[in-house]
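Enquirer: Can you look at this prediction? I've put the sequence above it.
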Amino acid sequence: MAQKSKIEWTENTWNPVTGCTKISAGCKNCYAHKMALRLQSMGQAKYINGFSVTLHPGCLEDPFNWKKPSMIFVNSMSDLFHKDVPIDYIKDVFSVMNSTPQHTYQILTKRAERLTEIAGELTWTSNIWQGVTVENISTVTRIDFLRKIPAVVKFISFEPLLGDIGDINLSNINWAIVGGESGVGARPVEEKWILNIKKQCERQNVLFYFKQWGGKNKKKSGRELLGKTWDSMPAMATI
């Protein structure tokens, strides 16, 4: 069955791949890395390799068994466009998504360059949303790669937001998620960085979602910005 998610902007997770490698500042305190090692120590078979990139073809058919239409975050414990995930396997994942239009799939990557290299070999049905992570000004170029993708919904996750990202071009982008880092060792986020993104979203007609302030106790820190929550997001695909 689908794995229920505590991530605010999705409902369930699907992990046909687990494991990854750290490539930029946002990866420093990766929750998936910590979780994978914990699950490995608990003896869970899916994480026998810890956080090494591992394919799970036995999980590919799972979405066919989920009767209720759901918002599904793909590879919350990995990155589908990691160099160690073969293109044929990525095509298999896309084939499942193409064949289950009742679900809406959200894919998030830091490997924006590889994404654009192989996007033309994939079928982008309307139920597939593609996003990139942008944690600081040095990773803003990922947006330019995302803009080239033929996904109906393109989104940016500014999480963990680690600094002011300056002025950005959000043309052909539909949605922005913003959040501070959470957990032990969380790096601080400043309100002015968040408001800079919010104002640019408003000017460029991009939906804005504020996920969390984060910190060691993210529940205590809450999700309110300027006295309210901001939960705008695209509508799920309809059959």
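Expert: Arrived safely. Numbering: from 1, shown residues only.
Enquirer: C-alpha from now on. contacts and neighbour counts both.
Expert: Noted.
Enquirer: most distant residue from the middle of this protein?
Expert: Among the C-alpha atoms of the chain, the one most distant from their mean position (Cα atoms, centre = their mean) is that of Gly43, at 26.6 Å.
Enquirer: for that residue, helix, strand, or coil?
Expert: Taken by DSSP: H, G, I helix; E, B strand; the rest coil, the conformation at Gly43 corresponds to coil.
Enquirer: how near is it to Gly50?
Expert: Distance, Gly43 to Gly50, by Cα to Cα, to the nearest Å: 10 Å.
Enquirer: Apart from its neighbours in sequence, what residue is nearest the spatially most central residue of the chain?
Expert: Nearest residue to the geometric centre of the chain (Cα atoms, centre = their mean): Leu108, 3.3 Å. In this structure, Leu108 finds its nearest non-sequential neighbour in Gly131, 4.6 Å apart by Cα to Cα, 6 or more residues apart in numbering.
Enquirer: For the one you found, give its distance to Phe158.
Expert: 10 Å.
Enquirer: And Ala45, by the same measure?
Expert: For Ala45, the distance to Phe158 - Cα to Cα - is 32 Å.
Enquirer: How about Thr139?
Expert: When distance is defined by Cα to Cα, Thr139 is 10 Å away from Phe158.
Enquirer: Arg203 now?
Expert: Here Arg203 is placed at a distance of 17 Å from Phe158 (Cα to Cα).
Enquirer: between the two, who's got more neighbours?
Expert: More crowded of Arg203 and Phe158, by other Cα atoms under 10 Å: Phe158, with 25 against 10.
Enquirer: tell me the contacts of that one?
Expert: Thr133, Val134, Glu135, Asn136, Ala176, Ile177, Val178, Gly179 (Cα atoms under 8 Å, 6 or more residues apart in numbering).
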